[in-house]
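K.L.:
how does the following fold in three dimensions:
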Amino acid sequence: MNAYLEISLFPDPDFLPTTLMNALFSKLHRGLVTYGQQNIGVSFPDSGNSATLGARLRLHGKDNDLARLMELGWMTGMRDHASVGEITLVPPHAKHWVVRRVQAKSNPERERRRLILRKNVSAEVARQVIPDSTARRLRLPYFVLTSQSTGQQFRLFIEHLPPQEQAVEGKFGAYGLSSVATVPWF
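P.N.:
I've put the predicted structure just below:
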C-alpha cells in the first residue's frame, strides 16, 4: 500500500455528518463489490476516541488500484457533499493499523434461533445455552447500512486496533476492512 486517497465531507445544514458518512460508505461498499479486488483498505482519520467515524474517509492501496476504483463512478450523488483529494504517496513515517469490523452478539433471541436451526436443539436447550445475559452492547463507532438483499438496516461496527510498526499484508473485504491486514495511519 503505497498510496492513499482522502474523501472529506463538506459541512451540510440539511444532513448530519453521520448520515452523509453512512451514504458515502454504502456507495463505497457497492464500488468495492463492483471493483472485485481485495486490495483496497479504508481508515477513518477523524475517529480517534470519538463515538463517530468523523467526516473523513481514506482509501488505501496501490496508486493504480485506487485510480481504477475511482474510475467506476461509485460516488454518484455524493460529489456535492464531499471533496476527493488526489492520490498521494503514504508518508514514510506512517504507522500501521488494523481497521476491522466487529460483530456484536446483541440479540440472544436471534442467536437461539440460529442454534435451533443449526444444531436441531429444542427452544428450552437453546435458552439454557444462550441466556438473555449474553447480550453484548458495543461502544464502538458504526455505520447504519441497509442490506441490498433483505432491505433491513444493520449496524456495522468499526474498530481501530493499536498501531504497529510493521505493515501486515492481506486481503480486504467488500467494506475495505480486514481482521489482519493493516493500513497506513498518519
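K.L.:
how about low-confidence regions in the protein?
P.N.:
Segments of the chain classed as low confidence (criterion: pLDDT under 70) are 49, 105-106, 134-137.
K.L.:
all strands for it, in order.
P.N.:
For the chain, the strands identified by DSSP state E occupy 3-9, 41-43, 56-61, 82-84, 88-89, 95-102, 142-146, 153-160, 182-185, in order along the chain.
K.L.:
and of these, who's closest to residue 128?
P.N.:
Checking the strands of the chain against residue 128 by C-beta to C-beta gives strand 95-102 as the closest, at 26.5 Å. Yep, even glycine has a C-beta here, placed from its N, CA and C like the rest.
K.L.:
thinking again about what came up before, adding mean neighbour count, write the strands of the chain out as TSV.
P.N.:
Written out in TSV, the entries for those read as follows (neighbours: other C-beta atoms under 10 Å):
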stretch	mean neighbour count
strand 3-9	20
strand 41-43	25
strand 56-61	23
strand 82-84	15
strand 88-89	12
strand 95-102	18
strand 142-146	16
strand 153-160	16
strand 182-185	22
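K.L.:
can you tell which of those is closest to residue 129?
P.N.:
Distances from residue 129 to each of the strands of the chain were compared by C-beta to C-beta, and the smallest falls on strand 95-102, at 22.5 Å.
K.L.:
which outside residues touch the closest one?
P.N.:
By C-beta atoms under 8 Å, 6 or more residues apart in numbering, the surrounding residues in contact with strand 95-102 are 41-44, 138, 140, 156-168, 173, 175-186.
K.L.:
so what's the residue count around residue 85?
P.N.:
Other residues near residue 85 come to 13 when the count uses other C-beta atoms under 10 Å.
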